[in-house]
Structures are given as structure tokens and as C-alpha cells.
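A.B. asks: 3D model of this:
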Amino acid sequence: MKTAVVGASGYAGGELLRLLSAHPKFEIVYIAAGSYAGELITSVHPQLSTFNGQKFKSTEVVKINECELVFIALPHGESAKLIAGIDSKVKIIDLGADFRLVDSAQWEKYYGGQYAGSWVYGLPELTDNKLIASATRVSNPGCYATAIALSIAPALTSIEAEDILAVAASGTTGAGRSAKVNLLGSEVMNNLSSYKFGGIHQHTPEIEQVLKQVSSKEVKISFTPILAPMPRGILATVSARLTRKQSSEDVQETYRSFYNQSKFVSVLKPGVMPSTSAVLGSNNVQMQVMVDPHVNRILVSTAIDNLGKGAAGQAIQNANIMIGLPENAGLELMGVR
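C.D. replies: Here you go, the predicted model:
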């Protein structure tokens with residue numbers, strides 16, 4: 001299947017190239033990166049030796065329309081500018097935020113700028129896969145939204161859903177490739193710091209939206225992100241008050257049953273904790289769940305690779321579903337710890 005990657009110079013774009021290079025059905029025929037057009041791919045992604053000698057192309061809608069499938073990994077607000085010219089027969093997975101939110105007011109509050117509409121939200125473990133399979137346009141979830149929504153979704157019927165707390169630490173690739181003072185090595189090393197503090201992170205409405213769709217309940221979340229001194233990975237801790245007394249064994253059984261058919265989510269045995277290094281380079285999700293009886297709260301710890309399940313891996317998972325392949329095609333990778 002003729003496949004394009006637009007925005008291939010970024011971290012998510014590079015991970016798409018790595019994973020797609022070994023995919024059994026997707027043939028990469030067009031690799032675009034606007035500001036890097038004409039430069040060698042390996043000058044930006046030296047790990048991608050498969051692409052030795054190949055150069056980034058300029059972003060041209062005409063070239064995109066020659067493909068059957070396109071992954072767009074552009075900064076927020078940029079995808080919407082391309083869409084009007086792309087043929088309706090071309091299947092698109094957008095890794096940006098442009099089409100995630102169904103509420104225009106939430107877009108204006110958290111992102112600003114013109115609202116472009118919404119597409120099918122591609123979180124396969126929580127979204128009806130029939131919707132993804134029948135779509136030609138799918139919006140890939142945010143990395144934090146993926147980790148946090150997966151963490152608490154199985155418990156929604158037994159918690160106070162308007163009082164969910166989440167704290168999640170992410171590696172620096174989650175902030176993109178643009179140079180920023182707070183991402184300099186001397187600022188990041190040996191340091192942890194919160195950011196977008198006080199409920200203002202843009203993934204907040206996205207998390208509430210998908211959880212509301214899953215449960216048909218009003219959902220509110222207080223989310224604090226943390227910048228961690230590592231390149232990639234997310235470790236999320238999510239907590240909510242239970243509406244009735246339950247044991248850790250009870251909630252573990254609920255979670256195992258909920259994710260029983262999942263090819264990527266693993267609910268770990270009691271006493272085994274998720275770690276970001278264990279999912280590095282994969283589309284896998286590690287999860288541990290317990291009850292803190294002192295406060296009658298459920299606690300969930302979840303690890304993902306923000307460039308894997310949080311971006312490129314999940315995008316390929318969605319593409320597989322869209323064209324009728326097994327959802328794990330090209331994604332049968334274990335972590336590289």
C-alpha cells in the first residue's frame with residue numbers, strides 16, 4: 001500500500017519511518033519534511049540506516065494524493081491547512097491535535113486558533129473498532145491522553161468520575177524537536193519539574209472527552225504533567241475515589257477482564273510495577289492497579305512509550321484497523337530495555 005509520512009523530521013515522524021520500514025503491507029513512497037526538504041534523512045535520524053542516501057521531500061499535496069495512506073506528524077494547527085487539498089480516497093491518520101476535540105469551545109480554550117472539526121478518535125482499546133475501520137480520517141490520540149484514559153477507563157462504573165487525579169511524567173521527546181531553553185541538557189539532567197500546572201494542559205479536555213464517551217458519565221480530571229530527565233516514555237499515576245468498598249484483587253480482576261482481548265495492554269501481576277524502559281520502542285502498555293484502603297481510592301500506574309503507543313505505534317495500529325489488517329501487524333515488537 002503506497003504510504004506517505006508528512007512531518008517526517010520530527011521525533012514521531014522518525015519513529016513512524018522506523019516502524020513502517022518493517023511493515024508487511026505499507027510501502028513508504030513519499031517522505032516529506034518542509035524545513036528539511038533536500039536534506040538526508042540520516043542527517044536528522046542517524047539511526048534509520050535503512051534510508052541511507054534518501055532525502056526529505058518538500059510537502060506537496062499533489063504527491064500526497066498519489067498515495068493511498070498518509071501519516072501526518074506536523075505541529076498542532078498545521079494538519080488542518082493541508083486537508084482541504086487531499087483527495088477523499090486517501091486514508092489519513094493525523095498525529096496532531098487538530099481533529100481530536102468535538103467541542104469547538106474546548107479547542108479555543110486549550111489551543112486557540114480556528115477550529116477545524118473532529119474526526120474518529122483512534123484509541124482502539126476504547127473506541128469502537130468498527131468506527132475506525134470504516135473511517136478514511138482518524139485522529140490519533142495524544143500521548144498523555146492515551147496513558148491516562150487507558151489507566152482509568154475500566155474503573156469508570158465504580159468511581160466518582162468527577163474527581164479523577166492524574167500525575168504523569170514524560171520524556172523530553174514529548175515536547176517536540178524545536179529548541180527550547182527548558183529542554184537543554186543542562187536544564188533537564190538531574191531534574192524533575194512540573195509544567196502547565198493548574199489544569200491547563202491541552203490533553204485535559206481530550207481525556208475527559210474519551211472517558212465520557214466510554215461511560216456516558218460526566219468526567220472531570222485534574223492533570224499535572226512532569227518533565228522527566230529521559231528522552232522518551234511516560235509513567236502515569238491515576239487515582240479516583242471508589243463508590244463502594246473493593247479489594248485490590250477485585251479491581252485487578254476488573255482490569256484483566258476489560259483488557260482480556262487487547263494485544264498491547266498488560267495488567268501486571270501483583271507486586272510487579274510498570275517501567276518506561278520495559279516498553280521502550282514498542283506499542284505496549286504496562287499497567288498495575290491497586291486499592292488504597294486507607295482512603296478507599298483506586299490507584300493505577302501505567303507505562304507507555306510516548307513515541308510508540310503515544311504516537312507512531314498507535315497511528316500504525318489505527319491504520320491496520322482501517323485497512324482490515326490485524327491491529328498488531330508490524331507492531332509485534334517487545335521493549336528494548
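
A.B. asks: After the one helix or strand Ser222 maps to, which helix or strand is next?
C.D. replies: In this assignment (DSSP states H and E), Ser222 forms part of strand 221-227. Under the assignment DSSP H and E, the closest C-terminal helix or strand after strand 221-227 is strand 234-242.

A.B. asks: strands paired with that next one, and their directions?
C.D. replies: Strand 234-242 has the following strand partners under DSSP bridges: strand 159-170 (antiparallel), strand 297-304 (antiparallel).

A.B. asks: quick one: which of the ones you listed is nearest Ile92?
C.D. replies: Nearest to Ile92, of all these, is strand 297-304, at 23.2 Å by CB to CB. Backbone N, C-alpha and C define where each C-beta goes, glycine included.

A.B. asks: got a list of what Arg232 touches?
C.D. replies: By CB atoms under 8 Å, 6 or more residues apart in numbering, the residues touching Arg232 are Tyr11, Gly171, Thr173, Gly174, Thr276, Leu280, Asp305, Asn306, Leu307.

A.B. asks: can you give me the helices for the stretch 101-250 of the chain?
C.D. replies: 104-110, 129-133, 143-152, 185-188, 204-215, 248-258 (DSSP state H, counting those that start in this stretch).

A.B. asks: of all the ones you listed, which has the lowest average per-residue confidence?
C.D. replies: Within the helices of the stretch 101-250 of the chain, confidence is poorest for helix 185-188, with a mean of 73 (mean pLDDT).

A.B. asks: quick one, what contacts the nearest residue to Asn129 once chain neighbours are set aside?
C.D. replies: Nearest-residue entry for Asn129: Ile321, 5.6 Å, with adjacent residues in sequence omitted and distances by CB to CB, 6 or more residues apart in numbering. Ile321 sits next to Pro124, Asn129, Ile132, Ala133, Glu327 when contact means CB under 8 Å, 6+ apart.

A.B. asks: make it 10 Å
C.D. replies: Counting by CB atoms under 10 Å, 6 or more residues apart in numbering, Ile321 touches 122, 124, 127, 129-135, 138, 327, 329.

A.B. asks: Then Leu82?
C.D. replies: Leu82 sits in contact with Val6, Gly7, Thr59, Val61, Ile64, Val70, Ile72, Leu74, Ile92, Asp94, Asp98, where contact means CB under 10 Å, 6+ apart.

A.B. asks: Doesn't it lie inside a helix?
C.D. replies: Yes. Under DSSP: H, G, I helix; E, B strand; the rest coil, Leu82 falls within a helix.

A.B. asks: Please consider this matter closed, and thank you.
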